[in-house]
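A.B. asks: sequence first, then the predicted structure, then my questions.
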Amino acid sequence: MSCQTPIIVALDFPSRDAALALADQLDPALCRVKVGKELFTRSGPAVVETLQDKGFEVFLDLKFHDIPNTTAMAVKAAAEMGVWMVNVHCSGGLRMMAACRNELDKLAGKQPLLIGVTVLTSMEQEDLAGIGLDIAPQEQVLRLAGLATQAGMDGLVCSAQEALALKAAHPALQLVTPGIRPAGSAADDQRRILTPVEALQAGSDFLVIGRPISQAADPAQALAAVVAELA
Ligand SMILES: O=C(O)c1cc(=O)[nH]c(=O)n1[C@@H]1O[C@H](COP(=O)(O)O)[C@@H](O)[C@H]1O
């Protein structure tokens, strides 16, 4: 079954059982799912396989960031798991991203989308200053987008706030945007946020939504509400 919406639900849970309990309330025709560091560290590849068996396309969000060889081999391992999307940090640099592209291009069969994380949506200008980057988030995102394009990446993780500028400068890159908050939802630890409709209007291709769905009293209803808002 192929997914008909741009929604990716983040399964940020401390156990396989909790993640699968949420997945069982979701329809693979209405969303993809994301397995991140917490769930993967606790449950490993088995949970990815189970989700795929249930019909979900899986974004393996481990944000690899290491020397080129190590990162490329990690991306290859993810591809062999059959995931739909995998990501690495653009700040690992051009040679790191190019090594990942090169490794995936050697594989027979379907490759996952290879996505570069730019500036985390939890960061704002003062956070960049704190790590020695005296630059506005959008400027840094555009700079990393240039490297990602050179490396042949399929897309970027960024804030939807940067989507308009990115689509103008790099139309071929697919934009995966977390920091999505339906009107009235708590921002939590996110800083650069937009609503689902604003994000799509700005040019986002995929919307990553975690707590507004996973922590809702009725997650299926919360997902349906976002789908309806987008329609
Ligand atoms: O790569 C990601 O998915 C990601 C990148 C980023 O810049 N910001 C970000 O929030 N994420 C992930 O997107 C999800 C957002 O979750 P919520 O804030 O609960 O909607 C989390 O699983 C984060 O790990």
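C.D. replies: Here it is on my side, so go on. This is a predicted model, so every value here is computed, not measured. Numbering: from 1, shown residues only.

A.B. asks: my understanding was that V119 contacts A145; is that so?
C.D. replies: No. At 10.6 Å, V119 and A145 do not qualify as touching, with contact defined as C-beta atoms under 8 Å. The way it works is simple: take the backbone N, C-alpha and C, and place the C-beta from them, glycine included.

A.B. asks: which of the two has more neighbours?
C.D. replies: V119 (27 against 24; other C-beta atoms under 10 Å).

A.B. asks: which residues touch the more buried one?
C.D. replies: Taking C-beta atoms under 8 Å, 6 or more residues apart in numbering, we find V119 in contact with L128, P137, Q140, V141, L144, C158, S159.

A.B. asks: the third one - that's part of a strand, no?
C.D. replies: No. Counting by DSSP: H, G, I helix; E, B strand; the rest coil, Q140 is located in no strand; its state is helix.

A.B. asks: how many residues are close by it?
C.D. replies: For Q140, the neighbour count with other C-beta under 10 Å is 19.

A.B. asks: in this structure, what residue lies closest to the ligand?
C.D. replies: G210 (2.5 Å; C-beta to the nearest ligand atom).

A.B. asks: partners of the nearest residue to that residue once chain neighbours are set aside in the sheet?
C.D. replies: Spatial nearest neighbour of G210, chain neighbours left out: A10 (3.4 Å); criterion: C-beta to C-beta, 6 or more residues apart in numbering. Beta bridges link A10 to K34, judged by DSSP bridges.
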